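[1] Provided below for reference: sequence and predicted model.
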Amino acid sequence: MPSTIQAEPFASPFKGRSLLTWVDYTPEEILQILDYAFLVKKQAHAGEVHQRFLGKTIALIFEKSSTRTRNSSQIAARDEGGDAEY
């Protein structure tokens, strides 16, 4: 019987908040975001596969058009099981 891929539990303290500017975040929250980014990067380099965004769509909004930023953001979302719309 084929196994079904399930979304990885992901309890984010930032759910419902947008990262438009660092001004909206405390220094502790900024450090928490950066710590989590380092952890995810470390896991990716170790070849670990995670599905944190399975079934989720991420809206990408950029002030300036940037193909490299858009593509890297779309690939990151896909790597984590999600979809990104620009």
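    Received, thanks.

[2] how about the residue nearest the centre of the chain: what's its closest non-neighbour residue?
    Nearest to the mean C-alpha position of the chain, by CA atoms, centre = their mean, lies Ala77 at 5.9 Å. Once flanking residues are discounted, Ala77 sits nearest to Ala84: 3.9 Å by CB to CB, 6 or more residues apart in numbering. The way it works is simple: take the backbone N, C-alpha and C, and place the C-beta from them, glycine included.

[3] next: Phe10.
    Excluding its sequence neighbours, the residue lying closest to Phe10 (CB to CB, 6+ apart) is Arg52, at 4.6 Å.

[4] what about that neighbour, neighbour count?
    16 (other CB atoms under 10 Å).

[5] picking up where we left off before, quick one: pLDDT of the residue nearest to the centre of the chain?
    We have a pLDDT of 91 for Ala77.

[6] what does the one 4 residues further on give?
    Per-residue confidence at Gly81 stands at 90 (pLDDT).

[7] hmm, Gln51 and it touching each other?
    Yes: when contacts are counted by CB atoms under 8 Å, Gly81 is listed as touching Gln51 (3.6 Å).

[8] got any residues that touch both of these two?
    Contact criterion CB atoms under 8 Å, 6 or more residues apart in numbering; residues shared by Gly81 and Gln51: Ile5, Ala7, Glu8.

[9] can I get those in a markdown table with secondary structure?
    Below are the shared contacts of Gly81 and Gln51 laid out as a markdown table (DSSP: H, G, I helix; E, B strand; the rest coil):
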| residue | secondary structure |
| --- | --- |
| Ile5 | coil |
| Ala7 | coil |
| Glu8 | coil |
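
[10] dump the residues you listed to CSV, plus distance to Arg17, neighbour count and pLDDT.
    Converted to CSV, these look like this (distance: CB to CB, whole Å; neighbours: other CB atoms under 10 Å; pLDDT from 0 to 100):
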residue, distance to Arg17, neighbour count, pLDDT
Ile5, 27, 11, 71
Ala7, 20, 15, 71
Glu8, 20, 13, 73
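
[11] now, which of those residues sits nearest Leu31?
    Nearest to Leu31 among these: Glu8, at 23.0 Å, using CB to CB.
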